[in-house]
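>>> Requesting a structural model of the entry that follows:
(one chain, ligands or ions: 2)
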Amino acid sequence: MGNFSSSAPGLSSSACGQFVQDIVSSNCVVIFSKTTCPYCKMAKGVFNEIGATYKVVELDEHNDGRRLQETLAELTGARTVPRVFINGQCIGGGSDTKQLHQQGKLLPLIEQCRPCCLNMTPEGSGNSQNQPHQ
Ligand SMILES: N[C@@H](CCC(=O)N[C@@H](CS)C(=O)NCC(=O)O)C(=O)O
Ligand code: FES
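Ligands and ions are numbered 1, 2, ... in the order given. Below you'll find the model as predicted:
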């Protein structure tokens, strides 16, 4: 038939919710982003600066990007990108990320993630002694 791309849903909205939950619970930092978005670049830049690894979902390259954006709007109260999650919690967008960093509050949030999920770069002074949990 060939017409299944017109309106056929990819992920259902509950599957989108599950997708988001899975990603944010298995990665310390997750950025839902669009490749062309300067605010998204700003958010990534902040995490690059502090040497934290992060998982990126580029909504403009994802088959279900629009649906995921709706899901994120429902979950976080804003349908803008980026939507940044640390340790399963949405901390807001790009400006919020930058502001938390300027206030010195971003790193403590990342440090609350389990150390096994935290990949700090070794060059970071004094931050290389994360003790693994048993
Ligand atoms: N202050 C917000 C601004 C984010 C924002 O305005 N994003 C716009 C694009 S630049 C957006 O997502 N618009 C809705 C859309 O693209 O669907 C932040 O820093 O995250
Ligand atoms: S600046 Fe345009 S998509 Fe974010």
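>>> distance of the residue in the chain that ligand 2 sits nearest to from ligand 1?
Going by CB to the nearest ligand atom, ligand 2 is nearest to Cys37 of the chain, at 3.0 Å. Every residue, glycine included, has its C-beta placed from N, CA and C. Distance from Cys37 to ligand 1, counting by CB to the nearest ligand atom, to the nearest Å: 5 Å.
>>> What's the local residue count around that residue?
Cys37: 18 surrounding residues under other CB atoms under 10 Å.
>>> List the residues that contact the residue of the chain found nearest ligand 1.
Residue nearest to ligand 1 within the chain (CB to the nearest ligand atom): Gly93, separated by 2.1 Å. The contact partners of Gly93, taken as CB atoms under 8 Å, 6 or more residues apart in numbering, are 39, 43, 78, 80-84.
>>> what about burial for the residues you listed, which qualify?
Among these, the ones that count as buried by 16 or more other CB atoms under 10 Å are 39, 43, 81-84.
>>> Okay, strands next: where are they in the protein?
29-33, 55-58, 83-86, 89-92 (DSSP state E).
>>> Report pLDDT for the residue nearest the centre of the chain.
Geometric centre of the chain, nearest residue: Val30, 1.9 Å, by CA atoms, centre = their mean. Looking at Val30, its pLDDT is 98.
>>> Renumber starting at 79 from here on
In the new count, where the first residue is 79, that last one comes out as Val108.
>>> doesn't Glu136 make contact with it?
No. Assessed by CB atoms under 8 Å, Val108 is found out of contact with Glu136, at 11.9 Å.
>>> residues from the protein in reach of ligand 2?
With CB under 6 Å from any ligand atom as the criterion, the chain meets ligand 2 at residues 112, 114-117, 159.
>>> In JSON lines, list those residues along with pLDDT.
As requested, the residues of the chain next to ligand 2 are exported to JSON lines (pLDDT from 0 to 100):
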{"residue": "Lys112", "pLDDT": "98"}
{"residue": "Thr114", "pLDDT": "97"}
{"residue": "Cys115", "pLDDT": "97"}
{"residue": "Pro116", "pLDDT": "98"}
{"residue": "Tyr117", "pLDDT": "98"}
{"residue": "Val159", "pLDDT": "98"}
